[in-house]
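In: pasted the sequence and its predicted model underneath.
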Amino acid sequence: MTRHILCSIDLTHSDEARGLLQEADRLATFYGATLGVVTVLPDYNSSWVGSFFKDGTLKEAANAANDALHAFVKETLPDRPKVQHIVEIGPVYEMVLKAIEQCGADLVVVGAHKPDMADKLLGPNSARIARLSPVSTLVWRG
């Protein structure tokens with residue numbers, strides 16, 4: 001039985017994220033499940049690159065992303081009473097896997113773009129999440 005659904009969205013692609021979140025909401029309603037939403041900010045991947053930014057920049061970005069995530073969810077799902085909001089920093093697929101464990105999700109919903117050559121060679125985040133997730137994964141093409 002599905003009790004908690006986690007939806008991974010990219011706030012920089014709001015049109016796709018809106019459709020994905022609405023689909024996750026429909027699933028949560030169908031199952032009578034709670035809903036969580038995660039978005040991931042990239043990190044600097046290098047202490048050398050990070051040295052070019054003032055202290056606290058990443059924390060400010062995370063706070064801004066949290067505010068934007070709350071606003072986006074409220075705008076997209078105005079009638080949903082409670083949604084868990086998660087903002088992570090790091091590699092997307094790793095942070096989504098962390099969020100799955102953190103919130104106790106038993107289904108994760110991720111979006112996928114039409115694959116291009118880079119995706120076929122490297123593997124998109126949705127494919128990595130589906131391969132490595134400890135729970136069922138729904139890959140939604142909007």
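Out: Yep, it's here.
In: now the helices: where do they sit in the protein?
Out: Applying DSSP state H to the chain gives helices spanning 14-31, 47-50, 57-76, 92-103, 117-122, 125-132.
In: now render these as CSV, adding mean pLDDT.
Out: Below are those laid out as CSV (pLDDT from 0 to 100):
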stretch, mean pLDDT
helix 14-31, 96
helix 47-50, 60
helix 57-76, 93
helix 92-103, 97
helix 117-122, 53
helix 125-132, 92
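In: minimum distance to L6: which of those has it?
Out: With respect to L6, and counting by Cβ to Cβ, the nearest of the helices of the chain is helix 92-103 at 5.8 Å. Every residue, glycine included, has its C-beta placed from N, CA and C.
In: return that closest one as PDB; C-alpha atoms alone will do.
Out: Listed next in PDB are the C-alpha coordinates belonging to helix 92-103 (Å, rounded to 0.1, in the frame of the first residue of the first chain):
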ATOM      1  CA  VAL A  92      20.300  15.400  -8.000                       C
ATOM      2  CA  TYR A  93      20.000  11.600  -8.000                       C
ATOM      3  CA  GLU A  94      21.900  11.200  -4.700                       C
ATOM      4  CA  MET A  95      19.900  13.900  -3.000                       C
ATOM      5  CA  VAL A  96      16.500  12.400  -4.200                       C
ATOM      6  CA  LEU A  97      17.600   9.000  -2.900                       C
ATOM      7  CA  LYS A  98      18.500  10.700   0.400                       C
ATOM      8  CA  ALA A  99      15.100  12.400   0.600                       C
ATOM      9  CA  ILE A 100      13.300   9.100  -0.100                       C
ATOM     10  CA  GLU A 101      14.900   7.600   3.000                       C
ATOM     11  CA  GLN A 102      14.500  10.800   5.000                       C
ATOM     12  CA  CYS A 103      10.800  11.100   4.500                       C
END
